[in-house]
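Participant: what's the 3D shape of this:
(2 chains)
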Amino acid sequence: MSQEADLSPKTRGAGQVVFVLAALILSLLLLSQIRSQTAWVDGTKLTAQPRFWPSVALITMVLGFGMHAWRMTRRRPNRTDWVELRRWAEPLEYALWFMGFVWLVPLVGFLPMSIAFSVALTWRVGYRSGLMTGLAVVFAATVVVVFKGLLGVKIPGAAIYEYLPGALRSFFILYL
Amino acid sequence: MDVFADALLVLARWDVLIALLVGSIGGVAIGAIPGVGPAVAIAILLPATFSLDPIVGLTVLLGIYGSSMYGGSIPAILINTPGTAVNALTTYDGFPMTLRGEGRRALSLAYSASFFGGIFSVVCLILLAPLLAKVAPMFGSREIFLAALLGILLVVVAHKGQMLIAGALSGFGILLGTVGLEPVKYTRRFTFDQSWLAGGIDLIVVVLGLFALSQAFLLLTMDDEKIRITKSRGSLFQGFRELARHPRVAAISASFGVLMGMIPGVGEFTAQFMSYTSARKLSKTPEAFGHGSSEGLIASETANNAVPGAAMIPLLALGIPGEALTAMMLSVFYVHNVVPGPGLFAFQMDFIVALYLALLILNVLVVVFLLISTGWLVYLTKIPNRFLGVCILLLSFVGVYSIRNSGVDCAIAAVFGLIGYVLKRLNLPIVPIVLGMVLGGIMEVKLRAAMNRVKTPIDFIDRPIAFLLFCIIVVICVSTLWRVWREWTPVDRRKPGKKASARFAKRLAGRHTRHFDDRLKIQRRTRRYDHLGS
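Facilitator: Sure, this is the predicted structure:
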């Protein structure tokens, strides 16, 4: 195989038809809503119309996905596509883990929640040795210390910190 | 000379020096871990740099951008897996050298070639700066609009074999950029009466979702790979001597890197490929390319490291990012009210020279660090995939949530993470979405401003640079259409199946061939280029 052929990225076959058709349908749906979702201002040039760029974007999407679908030799999903579709659903679980973490940080606190999250997820994905659990704890604590303690990124203190005594409370809210 | 002294003053601060160290060492480490890459790291660190001075924040990000490719050559050479997407060609000659027991020689060559590429591009930038300062003010609204349009066009054209879908995805990016309250007439666009959409979709949230979260999801759903590191001989310093024996290959490759880096939307892959091809044509031993040729290794590593410096040119001079990483850096400028473009060259030349000098120092720091630490950096490749996924997921939270402590932002990032995951599974490019979002916004503003001074369509291209850009756009469109017309094949056509004779021969050869077969399979799998999160 030539180097050029090796370096040209190949779109995977499995799942391609489902993705392209779904994207095409979504683009068409959005294009059909263009009149209600964008405004046309009288007395304004075409290129300055609020509707102009969304239209350009949607027409590009419809043409791109449409022509890709038209050029495909197989336009009906088969078994491999449905198998691939199931693979696409796998990360949904981790997206839920992520959203749960987001919801709990303002209640429980960045440091405790980060440690709990990283240990629990490390355990969930199959690393159950003491070494990996320890590494998860160290990593989570380092992230909190570096980002919130040293770099001062804006992550608010938790509701639970309100129950801590005076100076400790301020320290936890500011740095952990 | 005054500008140079002022630039040195800008750099002579403890926070800039720490940023240089963190950027260079962090970048090398990130590059050495397959599955992370500079895009993920920059996306995560971006919000954290907003609280820093622009020069400090940009030095960290530039450090990661410039040094990750150095680190990426380590797994590319030793385990045949590119650490970053742009190290794909390094595997061609680096891994065969490792199989011959010359891994340290290959690493040394890669470091020295990368160093030469990096320094060459910075020297070119410093020499080009006065010219850029003269040319940049000649770019008005219409020229910047045409340059942004050219950038989008080149991003699409660069994805050979996936042009239609790259075009559609850049359209998707442009659409995302238009969502929310439109800034001139104050009308809502595609908000569906939802208040959380009225403010628009934040670029950084999208970038974090598409690059960082999607990569975390991908790693979390992956199996771990067994990585065996072979022992190799040779000195890490011999590469510099060997590089000196191939000055022509190094100079041509670095020139390709600088040229391609300057053109928006083209980037490392084209530079690498062109320099590799030309090095093979010029070589006395072209048959050695792909089988452990030192010239091949020099060509690919020199070209990809010459790009980051050059990629800063369209960003600094015109405010137009050429690829995803510089698009992310653009937001650092905006947050600090520093507007990249002609004005930056006219009024803040010391800032620009300081950035160039930072890049220069960075390359020196990286090489010194690599010469000392290659031994233990190799072990970074052994971090298990799913644990890496846990780490990236936690870091992504810091990135998204620290922007404005919004759960909605996190939900949007998670959705884009899932979209990115699907795109990566299908091996479709993500960069067109990000560039569409950034360049779409620039095009809208600049076209509106330009059309106020234009009466007839011809007026739009009546200035020399506008006319030149217009001609380039026309040439690219016509040549691409012509090429597509000639190479017309269905987009999902599979490779023809193996012939029955080949299967029969394999069966005859029996189980003794299996070892070689497995090895070939591994090489095929890892050698084939994919977007690797870029």
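
Participant: near chain A, which residues of the stretch 201-350 of chain B?
Facilitator: Within the stretch 201-350 of chain B, the positions lying close to chain A (Cβ under 8 Å from any Cβ of the partner chain) are B:Leu213, B:Ala216, B:Phe217, B:Leu218, B:Leu220, B:Thr221, B:Phe269, B:Phe273, B:Tyr276, B:Thr277, B:Gly290. C-beta here means a position set from N, CA and C on the backbone, and glycine is covered the same way.

Participant: Contacts for the helix or strand harbouring the second one, please.
Facilitator: Right, the one you point to is B:Ala216. Assigned by DSSP states H and E, B:Ala216 belongs to helix B:214-220. Helix B:214-220 is contacted from outside by A:90-91, A:94-95, A:125, B:35-37, B:40, B:385-386, B:388-390, B:392-393, B:396, B:416-421, B:423-425, B:430, B:533, using Cβ atoms under 8 Å, 6 or more residues apart in numbering or on different chains.

Participant: Show me which of these are buried.
Facilitator: The neighbour count (16 or more other Cβ atoms under 10 Å in any protein chain shown) marks A:91, A:94-95, A:125, B:35-37, B:40, B:385-386, B:388-390, B:392-393, B:396, B:416-421, B:423-425, B:430, B:533 as buried among the contacts of helix B:214-220.

Participant: Among these, name the ones in helices.
Facilitator: Members of these lying in helices (criterion: DSSP state H): A:94-95, B:37, B:40, B:385-386, B:388-390, B:392-393, B:396, B:416-421, B:423-425.

Participant: Low-confidence stretches in chain A?
Facilitator: Scanning chain A for pLDDT under 70 picks out A:1-9.

Participant: Any idea which residue of it lies closest to chain B?
Facilitator: A:Gly64 (2.6 Å; Cβ to the nearest Cβ).

Participant: Contacts only, for A:Arg169.
Facilitator: A:Tyr161, A:Glu162.

Participant: Just say helix, strand or coil for whichever residue of chain B sits closest to chain A.
Facilitator: Chain A sits closest to B:Ala168 of chain B, with a gap of 2.6 Å, by Cβ to the nearest Cβ. Assigned by DSSP: H, G, I helix; E, B strand; the rest coil, the conformation of B:Ala168 is helix.

Participant: Report how many residues lie close to it.
Facilitator: B:Ala168: 30 surrounding residues under other Cβ atoms under 10 Å in any protein chain shown.

Participant: got it, and B:Cys124?
Facilitator: B:Cys124 sits with 22 neighbouring residues when counted by other Cβ under 10 Å.

Participant: longest single helix anywhere in chain A?
Facilitator: Chain A, longest helix under DSSP H: helix A:52-71.

Participant: What about residue 126, how many residues nearby?
Facilitator: Picking chain A for this. Other residues lying near A:Gly126 total 12 when counted by other Cβ under 10 Å.

Participant: please go with chain B instead
Facilitator: Neighbourhood size, B:Ile126 [other Cβ under 10 Å]: 17.

Participant: now it, nearest residue through space, not along the chain?
Facilitator: B:Tyr356 (5.4 Å; Cβ to Cβ, 6 or more residues apart in numbering or on different chains).

Participant: now the one you found: how far from B:Thr49?
Facilitator: The gap separating B:Tyr356 from B:Thr49 is 19 Å, by Cβ to Cβ, to the nearest Å.

Participant: B:Gln162 too?
Facilitator: Taking Cβ to Cβ, one finds B:Gln162 at 32 Å from B:Thr49.

Participant: Tell me where chain B is predicted with low confidence.
Facilitator: Looking at chain B by pLDDT under 70, you get B:1, B:230-234, B:265, B:267, B:488-534.

Participant: on that earlier part again, could you check the helix holding B:Ala216 and say which residues are buried?
Facilitator: Under 16+ other Cβ under 10 Å, the buried positions of helix B:214-220 are B:Ser214, B:Gln215, B:Ala216, B:Phe217, B:Leu218, B:Leu219, B:Leu220.

Participant: Repeat that for stretch B:456-476.
Facilitator: In stretch B:456-476, counting by 16+ other Cβ under 10 Å, buried: B:Phe460, B:Ile461, B:Ile465, B:Ala466, B:Leu469, B:Phe470, B:Ile472, B:Ile473.

Participant: quick one: what helix or strand has the fourth one in it?
Facilitator: Under the assignment given by DSSP H and E, the secondary-structure element containing B:Ala466 is helix B:464-486.

Participant: Output the contacting helices and strands for that helix.
Facilitator: If contacts are counted by 3 or more Cβ pairs under 8 Å, 6 or more residues apart in numbering or on different chains; DSSP states H and E, helix B:464-486 sits against helix B:141-158.

Participant: what are the ranges of the strands in the stretch 251-400 of chain B?
Facilitator: Along the stretch 251-400 of chain B, no stretch is classed among the strands by DSSP state E, counting those that start in this stretch.

Participant: Tell me which stretches of it form helices.
Facilitator: Along the stretch 251-400 of chain B, the segments classed as helices by DSSP state H, counting those that start in this stretch run B:267-282, B:294-318, B:324-335, B:342-347, B:349-377, B:385-404.

Participant: elements contacting the first one?
Facilitator: Using 3+ Cβ pairs under 8 Å, 6+ apart as the contact criterion, the elements in contact with helix B:267-282 are helix A:3-7, helix B:141-158, helix B:247-262, helix B:294-318.

Participant: And the third one, by the same measure?
Facilitator: The criterion is 3+ Cβ pairs under 8 Å, 6+ apart, and the helices and strands that helix B:324-335 contacts are helix B:37-49, helix B:54-78, helix B:203-207, helix B:294-318, helix B:431-451.

Participant: Contacts for the helix or strand following the second one, please.
Facilitator: Reading on from helix B:54-78 to the C-terminus, the next helix or strand found by DSSP H and E is helix B:90-99. Where contact means Cβ under 8 Å, 6+ apart, the residues beyond helix B:90-99 that reach it are A:3, B:72-73, B:76-82, B:103, B:105-107, B:110, B:230, B:232, B:276, B:289-294, B:296-297, B:300-301, B:523, B:526-527.
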